[in-house]
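Peer 1: Here you go, sequence then predicted model.
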Amino acid sequence: MTGSASPPFPSPDAPGGATELALTPVGEPPSLRADAARNRTRLLEAASRLMAGCGAAHLTMDAVAAAAGVGKGTVFRRFGDRTGLLVALLDHREQQLQAAFLSGPAPLGPDAPPLERLHAFGPALIRHERDHHELILSSRTDPLRTYAVPANRLRLTHVTMLLRQAGVEGDAELLAHALLGSIDSVLVHHLTVELGMPLDRVDAGWHDLVSRLLPAR
């Protein structure tokens, strides 16, 4: 995501693991007026609908303005240019994913046991990566920066925390890296689009990896 400052995440190396996480800052100015925030959300929801139908490659400022019922100038004032719109759209969808696993209902949210949350997290992220492949790739101008992006650091901290809470043996942080690498956007795209692999099979791979990491019950 676009925020340059590192958020105050609990360290995955802290004793016992992190127990509370917060939504990451994703670059939007913190003090939008209520009407401006509503307009921004309406524009992003319109862009989401268009992208679902035509893909990011065909998403234009004109089309978003028409779908949202506003003038094209409004879209340019809010996002600057098409790249700004795409980054803001990815941020918007990332926030929705974060809200689901940080505070949403079980089994993804905090009311479920850690093992159930781990099993639910993989399929949720797989679908997010598949649905936003074009947006994610457009934001990866520096491959090394991918690991420092606040949203990815939050995912790592979250999975590390769940592994520790579930009683995993070994280096939970490195294991979390390995798990997340197994469902990276590029790999998910290769498996599901280029190889035609059904999502159920990718999901099953995640569940198998998680089960292998945990001690025998």
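Peer 2: Received it, and whenever you're ready, just let me know what you need.
Peer 1: who does the helix or strand hosting residue 119 touch, helix- and strand-wise?
Peer 2: Using DSSP states H and E, residue 119 sits in helix 114-131. Here helix 114-131 touches helix 82-103, helix 150-165, helix 185-189, helix 199-213, going by 3 or more Cβ pairs under 8 Å, 6 or more residues apart in numbering; DSSP states H and E. Any C-beta I mention is one placed from the backbone N, CA and C, and that applies to glycine too.
Peer 1: So which residue is smack in the middle of this protein?
Peer 2: residue 94 (4.1 Å; Cα atoms, centre = their mean).
Peer 1: isn't it right up against residue 151?
Peer 2: Yes: Residue 94 lies in contact with residue 151 (Cβ atoms under 8 Å); the separation is 5.0 Å.
Peer 1: Can you list the low-confidence ranges for the chain?
Peer 2: Applying pLDDT under 70 to the chain flags residues 1-32, 138-144, 216-217.
Peer 1: dump the residue contacts of residue 207.
Peer 2: 119, 122 (Cβ atoms under 8 Å, 6 or more residues apart in numbering).
Peer 1: And residue 48, by the same measure?
Peer 2: Contacts here follow Cβ under 8 Å, 6+ apart; on that basis residue 48 touches 89, 92-93.
Peer 1: For residue 85, which non-adjacent residue is closest in space?
Peer 2: Nearest residue to residue 85 in three dimensions, chain neighbours excluded: residue 79, at 4.2 Å (Cβ to Cβ, 6 or more residues apart in numbering).
Peer 1: ditto for residue 184
Peer 2: residue 129 (7.0 Å).
Peer 1: wait, isn't that neighbour in contact with residue 191?
Peer 2: No: counting by Cβ under 8 Å, residue 129 sits too far from residue 191 to count as a contact (10.5 Å).
Peer 1: any shared contact partners between those two?
Peer 2: Joint contacts of residue 129 and residue 191 (Cβ under 8 Å, 6+ apart) do not exist.
Peer 1: after the helix or strand hosting residue 48, next one along is what?
Peer 2: Secondary structure from DSSP H and E places residue 48 in helix 34-54. Per DSSP H and E, the first helix or strand lying C-terminal to helix 34-54 is helix 61-68.
Peer 1: Buried residues, that next one. List them.
Peer 2: 61, 63-65, 67-68 (16 or more other Cβ atoms under 10 Å).
Peer 1: and if you look at stretch 81-91?
Peer 2: By 16+ other Cβ under 10 Å, the buried positions in stretch 81-91 come out as 82, 84-91.
Peer 1: One more: stretch 67-82?
Peer 2: The neighbour-count criterion (16+ other Cβ under 10 Å) identifies 67-68, 70, 74-75, 78-79, 82 as the buried residues of stretch 67-82.
Peer 1: one step back: identify the residues contacting the helix holding residue 119?
Peer 2: Contacts of helix 114-131 (Cβ under 8 Å, 6+ apart): 52, 93-94, 97, 100-101, 106-110, 112, 136, 155, 158-159, 161-163, 165-166, 179-180, 183-185, 188-189, 192, 199, 202-203, 206-207, 210, 214.
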